[in-house]
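Chemist: make a model of this:
(2 chains)
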Amino acid sequence: MAEHKPAWSSRILAAMRASQLFARTLREAPAEAEVASHKLLLRAAHIRKLMAGVYTWLPLGFRTLSKIEAIIREEMNASGAQEIRMPIVVPAEPWKATGRWQTYGEEMFKLKDRHDRELGLGPTQEEVVTPLVAGEFASYRDLPVNLYQIEWKYRDELRPRFGLLRGREFLMKDAYSFDRDVEGLRLSYRAMYEAYERIFDRCGLKYRIVEADPGSIGGDVNHEYMALADVGEDLFVHCENGDYAADVEAAEARAPEHSGVSELEPLTEVSTPDRPGIDAVADLLRLPASRMLKCMLFDAGGRTVATLVPGDREVNEKKVARAMWPAPVRLFEDHEFAERGFVKGYVGPQSMPDDVLVIADRSVGSRGNWVTGANRPDHHVTGANVERDFRVDRWEDVSRVREGDPCPRCGGTLHIGRSIVVGHIYQLGTRYSKPLKATFVDEDGTEQPYQMGCYGIGLSRIVAACAEQFHDEAGLLWPRALAPYEVVVIATNMDQPAVVEAAETLYSQLQGAGLDVVFDDRDVTAGVKFADADLIGYPLHAVVGRRGLESGSADLKLRATGERRQASLSTAAGDIVALLATAP
RNA sequence: CGGGACGUAGCGCAGCUUGGUAGCGCGCAGCGUUCGGGACGCUGAGGUCGCGGGUUCAAAUCCCGCCGUCCCGACCA
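Modeler: Purely as a prediction, here's the structure:
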């Protein structure tokens, strides 16, 4: 029998009769659903769409969501964080103070009230929590403190897609830590790092922790918790030796050794009519793309930035953005080339104006005699070399890591995988406390900005990620911890009083054993019940029918493994508890 | 925002080319027969054919506009 669960258990104990349950499964998935998780969550009556990227949670899906919520709440509380609830509607002013009103841009839902006051729907709430803490905890003696909430978040996504994976409304746990100094921040961060491991372990997810790009949140050190999934939109690199894993946006590769240039070729202009683009020119000149020098132009808060990478590599815009922080970085728009004296498709670093910042990827330093644009239409140059032919203002890592690149730690081979980001933790430092003038008085009497950290988990995304990781042709395969109900009791012959009675007895015994249980008491054929049980993905199916009754037994099946066994009706409840303990 | 596709009953779709009283499967309701892997028969309910305008004697069908949904792209000079 199950141990007695403490009151704060993540279990949301409940029993339900399928005949009462607000759940109509779909035999066919709506045409709009593309990926497995979306199709199955729809078919299994977990969610229904209201509009693009916005979903209603039906009882089954809501229970799963609630179980994740309970796990997170337990682990957050255990780590010393305190739960609060902040408003979803936020005023524009603090967002303007931190610059995010602009940097979040279109992605933030913005609205106006009747007084024409600008408001937003919170995508995360640093701008709310920071002034809150500053108004309450003004002394170093009050610190540290970590506040969290589990709340609906809003982002007007460029393109909502894949159901719950990229929605415009999603449930998120966001926590914010406030420390006196960097050392304290590291401790708070560490506590969250470990709490997150426990949370994702308990959810049963297959995940990896990777070094990440801070994105529009800002800050320095940060890690992402990535659920492995082929449909994931986020790429991450990992070393074959397991000593390095990072989001591609943040990933570095070991810079190549300087191969040296035996002899500098003269700078020569060549005619390349109608050949913009690396591949076209490389083709024409019969050279590998790696001999080309790619020169991409960015605008960084009004300043022109030219970035140089070998022609066979891509510029990683996020890395450029970090190099130029806090200036907002964006690629040149087509019209800007001519306006600023460049020729799109034929840009090269030679004779760059002084006010243009030239950033070269470190890999550019290892070679010479580049082929690159001649800065006039239909022409390129060969034999371009650093210093003699063009200057480099800064050497940075601005190229995107590729499959097969050497690991920055050990030189091993890097591989690229797909994943869904389900958690992201950041050491923000004073990124928000400074602009919001959120300070405390330190021991020496001076005012100091808080050292902040922030920590997010996408609960609704966990549901989708989990569905993505655990399903088969027949339906979902919920891990026990997240299943809407742990057991379904299927009565195959509702017209036979003996069957109904045995099923009812088992149903109440399982409730007594402290399990979440559904009794499928519907007046439908057994096949329908089996199909629904598989589709919804209850971890354990207990079948009570005329056939088994003759020998006084019930049939048990573990959904995830397909393992079946018979249990005597007199001991079935205990057998189910034991069998369930072996379920994933 | 660019490209593409789609929008007909709750869901999946046909009908549109060639204009003429809107259909199929699933689901739903009733009755009967079934009853351990999405049963069968009979009967029935349910649709402003996304919205607006136009052409026409007549529009789901042709034309224009809008809206919605999904896919691809939105750094590779």
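Chemist: leaving aside the residues adjacent along the chain, what's closest to residue A:582?
Modeler: Spatially, and ignoring its direct neighbours in sequence, residue A:582 is nearest to residue A:558 (7.5 Å; C-beta to C-beta, 6 or more residues apart in numbering). For glycine as for every other residue, the C-beta is placed from the backbone atoms N, C-alpha and C.
Chemist: number of residues surrounding residue A:104?
Modeler: 20 (other C-beta atoms under 10 Å).
Chemist: likewise for residue A:571?
Modeler: Residue A:571, neighbours per other C-beta under 10 Å, totals 13.
Chemist: do the same with residue A:424
Modeler: Count around residue A:424 with other C-beta under 10 Å applied: 24.
Chemist: how about the secondary structure of it?
Modeler: Three-state call for residue A:424 (DSSP: H, G, I helix; E, B strand; the rest coil): strand.
Chemist: residue contacts, the residue nearest to residue A:582?
Modeler: A:539-540, A:564, A:579, A:582-583 (C-beta atoms under 8 Å, 6 or more residues apart in numbering).
Chemist: again, but for residue A:239
Modeler: A:245, A:407, A:409-410, A:412-415.
Chemist: got the phi and psi for the nearest residue to it once chain neighbours are set aside?
Modeler: Closest residue to residue A:239 apart from its sequence neighbours, by C-beta to C-beta, 6+ apart: residue A:407 at 4.0 Å. The phi/psi pair for residue A:407 (degrees, to the nearest 10) reads phi -70, psi 140.
Chemist: distance of the residue nearest to residue A:582 relative to residue A:583?
Modeler: 6 Å (C-beta to C-beta, to the nearest Å).
Chemist: overlap in contacts, these two.
Modeler: Joint contacts of residue A:558 and residue A:583 (C-beta under 8 Å, 6+ apart) are A:539-540.
Chemist: residue ranges with poor pLDDT in the stretch 101-250 of chain A?
Modeler: Within the stretch 101-250 of chain A, the ranges that satisfy pLDDT under 70 run A:214-219.
Chemist: burial count for the nearest residue in space to residue A:441 that is not next to it in sequence?
Modeler: Spatial nearest neighbour of residue A:441, excluding adjacent residues (C-beta to C-beta, 6+ apart): residue A:139 at 5.6 Å. Applying other C-beta under 10 Å, we find 11 residues neighbouring residue A:139.
Chemist: quick one: residue A:139 from RNA strand B, how far?
Modeler: Going from residue A:139 to RNA strand B by C-beta to the nearest atom of the strand, to the nearest Å gives 45 Å.
Chemist: near RNA strand B, which residues of the stretch 101-250 of chain A?
Modeler: A:158-162 (C-beta under 7 Å from any atom of the strand).
Chemist: state the distance from the residue of the stretch 251-400 of chain A found nearest RNA strand B to residue A:121.
Modeler: As assessed by C-beta to the nearest atom of the strand, RNA strand B sits closest to residue A:314 within the stretch 251-400 of chain A, at 2.5 Å. According to C-beta to C-beta, residue A:314 and residue A:121 sit 34 Å apart.
Chemist: now swap in residue A:352 and tell me
Modeler: In terms of C-beta to C-beta, residue A:352 sits 43 Å off from residue A:121.
Chemist: go on, residue A:85?
Modeler: 15 Å.
Chemist: again with residue A:576
Modeler: With C-beta to C-beta as the criterion, residue A:576 and residue A:121 are 45 Å apart.
Chemist: now, the residues of the stretch 101-250 of chain A next to RNA strand B that are in strands?
Modeler: Among these, none falls in strands (DSSP state E).
Chemist: top of the residues you listed by neighbour count?
Modeler: residue A:162 (21 neighbours).
Chemist: shouldn't that residue be in contact with residue A:36?
Modeler: No: using C-beta atoms under 8 Å as the test, residue A:162 is too far from residue A:36 to be in contact (9.8 Å).
Chemist: anything in contact with each of those two?
Modeler: Common neighbours of residue A:162 and residue A:36 (C-beta under 8 Å, 6+ apart) are residue A:231.
Chemist: residue A:314 and residue A:121: who's more crowded?
Modeler: The neighbour count for residue A:314 versus residue A:121, taken as other C-beta under 10 Å, is higher for residue A:121 (19 against 14).
Chemist: I figured the more buried one was touching residue A:104, is that so?
Modeler: No: Residue A:121 lies out of contact with residue A:104 (C-beta under 8 Å); the separation is 11.0 Å.
Chemist: helix or strand right after the helix or strand hosting residue A:39?
Modeler: Element membership for residue A:39 (DSSP states H and E) is helix A:36-43. Scanning forward in sequence from helix A:36-43 by DSSP H and E, the next helix or strand is strand A:47-51.
Chemist: show me the helices in the stretch 351-500 of chain A, by range?
Modeler: A:459-469, A:497-512 (DSSP state H, counting those that start in this stretch).
Chemist: of these, which is nearest RNA strand B?
Modeler: helix A:497-512 (7.9 Å).
Chemist: quick one: the closest one near RNA strand B?
Modeler: No: using C-beta under 7 Å from any atom of the strand, helix A:497-512 never reaches RNA strand B; the gap is at least 7.9 Å.
Chemist: immediately after that helix, which helix or strand?
Modeler: That would be, after helix A:497-512 and using DSSP H and E, strand A:517-520.
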